[in-house]
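Visitor: Need coordinates for the below:
(one chain, ligands or ions: 1)
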Amino acid sequence: MKNKLKRAAAAVSAIAMSAMQLAAFPVSQSVTAATQFPFVIEGEDMKGATPWKDIYGQKIDGYSGSGFWYLTNDSASLEVDAPAEGMYQITVHGAQILNKEGRKQAMKVNGVKYDAQAPYSDKWIDYDFGLVRLKEGKNTIEFFNDYGYLAVDYVTVSEAEFPDLSKATDKLCDPDATSEAKSLMKYLKSVYGSNIISGQQQIYGGGNTIQTSIRYDEANDKCVDQDGKEYTIDKDSYDKDEQGHKFPWHCSGEDGQVYTYSTQNRNYTYNNYDNDINIIKDMTGKYPAIQGFDFGSNCPCYAWDDGVVDRMIEWTKEKGGICTASWHVNVPTRMADYTLGEPLDFSKTTYKGNEGGNSVSDFKTANCLVEGTVEYEYFQLCMENLAKQLLELQEAGVPVIFRPFHEAEGNKSNTDDPIDGSGAWFWWSKEGAVVYKQMWDLLQDTLINKYGIHNLIWEQNLYAWTDASAQWYSGDDKVDIVAFDKYNTQYNRHDGKTSGTPNFDAESGIFYKLNEFVKGNKMVAMAENDSVPSMENLLVEHAYWLYFCPWYDSEQDHYLLGEKYQDPEELSKLYNSDFCITLDELPKDLFSNNSEPSSEPDPTQPSTDEDYVWGDANVDGSVDMSDVVMVMQACLNPKKYGTSGSSEDHITAKGEINGDVDGNVGLTANDALIIQKFTLHLLDEA
Ligand code: CA
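Guide: All right, here's what the predicted structure looks like:
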């Protein structure tokens, strides 16, 4: 017995062994190939590293392993084998005892450089080197001497844990915000973290001028084009040219398009403000959901109304789109020569701040806050002009994602002082973060409390998002959305390619940094860009920007049509994905959804409720014709297909709730009809 058992056991273990070997062979092969995460390597064990026990006599006790590695001249690297492409966290357990104010550090991931910040510490602490994207298979992470003097005890590479985006608030900082602004904000929040909203900036002021064959026939007092078509003359706009010939400055077509006289060619022209959205439509078959505008044309110097308010009202009220707006408000370049209220040619005004560390104008920004100064009076006029436009929008029920004083700090400060503004290229921030934030407060207080403007979602758009950028942020109580402008086809590339090609980088590092910086309390948007990130990059890197919005196409910068900025195929792929929201996909109640969360389900929005998929009567996760059949069967033959029907395929209790979409209790043929219309895309476009 004993013997037999022994033999049996031996036999079993032999069988088990061979079975294990057979089964385990491919498994053990992949185990030895792929790195187990979190992966930890001692600094002193990295390739190229040398072991250190002290830093020139200074001991840092408590290291792990046999010592640490001190980054001086030579680089050291580690390798990991990632099972799949994705985001990974790099953490260095180290110490930095050279610079009290902290010291920048550099790392290369597969040859692409990333920066990190290492605060002073004479004890071992964790330095966050950020989330990086690793490819499937072998990856090399190298620490090199761009800055150096970091003691590395050990390095940890772990799978990314993505931040919780659901805590970003939809509560607006203006407690008296209009119902339209609240409703829009609620929608933005509802898609944040799962979708990206498409956006596109349009040109403002002049530009995209289209020539026509319309001419003024003085003898017959008519405006006529080459086909003999007549245009309505604006009789208030008659003027005389240098030869004494009469002409009207404006005429209009049947469609309301206004044409302006060109003294150069003696014909009429118009500005094609729809140029960019039409390019997008041609490229992708879709229109963007957001359109970007600018209030810069209405400035006290030249008070030149380019019709932006009408275009915004049309975009929201007639097209159902979302408006965002920046404010390129100009100041006189030579304030000393300027008399308040006098007209000034555009060329003698500027929105520029500092160039090469020096101010382009003698306009003192801080004086905007000092009553009695000319700058104060001037800026009061700027705000009054702006308020008039915003009030028109408010009265028309148009909310605006408002992005004043954008790209605050511009380039990194030229000095060690992160808030001095020497790198700021706009006048509102050229005197540093303290004045910049006072300007933000002044504008917000004046618009809200003096002019009663409540249709704004306040978006603060800083630029570089270095750690110093945090000091330019106005705070959670004064900002609704934070944003970053991505211009990285020439500089700041992380995609390993050279300038002159589109940069599809999702800039997830900046996205996470921003999110962390506002403690997840605010939504994070990409308010301007040259290249649009690729869908693949956005999804792989979980870079869930609220929206993107390329700057307009112009003769200088062909952001949409230029080969170095855009790949039509990539843009089209994104626009046509479920991930990207386009104009046709915005909900009908975008500006009127002010109900509390417990509201009646909207049958046209079958997938917005987490627990119930409206229309999904057979509870298979999607809404299609099989649900129509399910509802009809349950109505017509409840004994067989009702909730307690005899058929194995009878409707479930949850399916009955899912299927009841018409607002009247109980399943009827009307529910089936609504679901059918929905599946045929008749309802979401109705
Ligand atoms: Ca160590």
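
Visitor: Give me the below-cutoff pLDDT ranges for this structure.
Guide: Filtered on pLDDT under 70, the chain yields the residue ranges 1-32, 303, 413-414, 465, 595-612, 663-665, 680-686.

Visitor: Residues of it that sit close to the ion?
Guide: 42, 63, 64, 65, 68, 153 (CB under 5 Å from the ion). From N, CA and C alone the C-beta is placed, and that goes for glycine too.

Visitor: let's see it at 6 Å
Guide: Contact residues (CB under 6 Å from the ion) of the chain with the ion: 42, 43, 44, 63, 64, 65, 67, 68, 153, 154.

Visitor: Shouldn't residue 92 be within a helix?
Guide: No: counting by DSSP: H, G, I helix; E, B strand; the rest coil, residue 92 is not found in a helix; it is strand.

Visitor: What number of residues are in the vicinity of residue 417?
Guide: Using other CB atoms under 10 Å, residue 417 has 13 neighbouring residues.

Visitor: neighbour-wise, which of the residues of the chain next to the ion leads?
Guide: Most neighbours among the residues of the chain next to the ion, by other CB under 10 Å: residue 43, with 29 neighbours.

Visitor: which residues does that one contact?
Guide: By CB atoms under 8 Å, 6 or more residues apart in numbering, the contact set of residue 43 is 49, 65, 68, 69, 76, 94, 151, 152, 153, 154, 155.

Visitor: so which pair among those is furthest apart in space?
Guide: 65 and 76 (13.9 Å; CB to CB).

Visitor: before we move on, the earlier item: can you put the residues of the chain next to the ion in TSV and add secondary structure?
Guide: Shown next, in TSV, are the residues of the chain next to the ion (three-state DSSP):
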residue	secondary structure
42	strand
43	helix
44	helix
63	coil
64	coil
65	coil
67	coil
68	strand
153	strand
154	strand
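
Visitor: how about CSV for those residues, with distance to residue 367 added?
Guide: Shown next, in CSV, are these (distance: CB to CB, whole Å):
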residue, distance to residue 367
42, 58
43, 54
44, 58
63, 56
64, 58
65, 60
67, 59
68, 54
153, 53
154, 54
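
Visitor: hmm, back to that, is it possible to export the contacts of residue 43 to CSV including distance to residue 240?
Guide: Output for the contacts of residue 43, formatted as CSV (distance: CB to CB, whole Å):
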residue, distance to residue 240
49, 83
65, 89
68, 85
69, 83
76, 80
94, 78
151, 81
152, 79
153, 83
154, 83
155, 78
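
Visitor: Among those, find me the one that's closest to residue 134.
Guide: Nearest to residue 134 among the contacts of residue 43 is residue 155, at 13.8 Å by CB to CB.

Visitor: Run the chain-centre distance for the helix or strand harbouring that closest one.
Guide: Using DSSP states H and E, residue 155 sits in strand 150-159. Counting by CA atoms, centre = their mean, to the nearest Å, strand 150-159 is centred 31 Å from the centre of its parent chain.

Visitor: neighbouring strands for that strand, and are they parallel or not?
Guide: If you go by DSSP bridges, strand 150-159 pairs up with strand 39-42 (antiparallel), strand 69-71 (antiparallel), strand 86-96 (antiparallel).

Visitor: okay, now residue 378: neighbour count?
Guide: Applying other CB under 10 Å, we find 21 residues neighbouring residue 378.

Visitor: Contact partners for the residue of the stretch 551-686 of the chain at minimum distance from the ion?
Guide: Using CB to the ion, the single residue of the stretch 551-686 of the chain nearest to the ion is residue 579, 42.8 Å away. Going by CB under 8 Å, 6+ apart, residue 579 touches 195, 196, 535, 538, 539.

Visitor: give me the number of residues near the fourth one?
Guide: Right, residue 538. Residues near residue 538, counting by other CB under 10 Å, number 26.

Visitor: Identify each buried residue in whichever strand or helix holds it, please.
Guide: According to DSSP H and E, residue 538 maps onto helix 535-540. For helix 535-540, a neighbour-count test (16 or more other CB atoms under 10 Å) marks 535, 537, 538, 540 as buried.

Visitor: Pick out the residue in the chain sitting closest to the ion.
Guide: Closest point on the chain to the ion, by CB to the ion, is residue 65, at 3.6 Å.

Visitor: Not counting its neighbours along the chain, what's nearest that residue?
Guide: Sequence neighbours aside, residue 42 is the residue nearest to residue 65 in space, at 3.7 Å (criterion: CB to CB, 6 or more residues apart in numbering).

Visitor: Likewise for residue 477?
Guide: Residue 477's closest residue in space is residue 173 (CB to CB, 6+ apart), at 5.8 Å.

Visitor: and that neighbour, how many residues sit next to it?
Guide: That count, for residue 173 with other CB under 10 Å as the rule, works out to 19.

Visitor: How is it classified with respect to secondary structure?
Guide: Taking three-state DSSP, the label given to residue 173 is coil.

Visitor: That one: what's it in contact with?
Guide: Each residue near residue 173 by CB under 8 Å, 6+ apart is listed here: 458, 476, 477, 478, 479, 480.

Visitor: Kindly reformat those as a markdown table containing secondary structure.
Guide: Shown next, in a markdown table, are the contacts of residue 173 (three-state DSSP):
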| residue | secondary structure |
| --- | --- |
| 458 | strand |
| 476 | coil |
| 477 | coil |
| 478 | coil |
| 479 | coil |
| 480 | coil |
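
Visitor: When you filter these down to buried only, what's left?
Guide: 458, 478, 479, 480.

Visitor: quick one: contacts for the second one?
Guide: By CB under 8 Å, 6+ apart, the contact list for residue 478 reads 173, 440, 441, 444, 458, 460.

Visitor: neighbours around the residue nearest to residue 365 when sequence neighbours are not counted, how many?
Guide: Leaving aside its sequence neighbours, residue 365 sits nearest to residue 431 (CB to CB, 6+ apart; 4.7 Å). For residue 431, the count of nearby residues is 22 (other CB under 10 Å).
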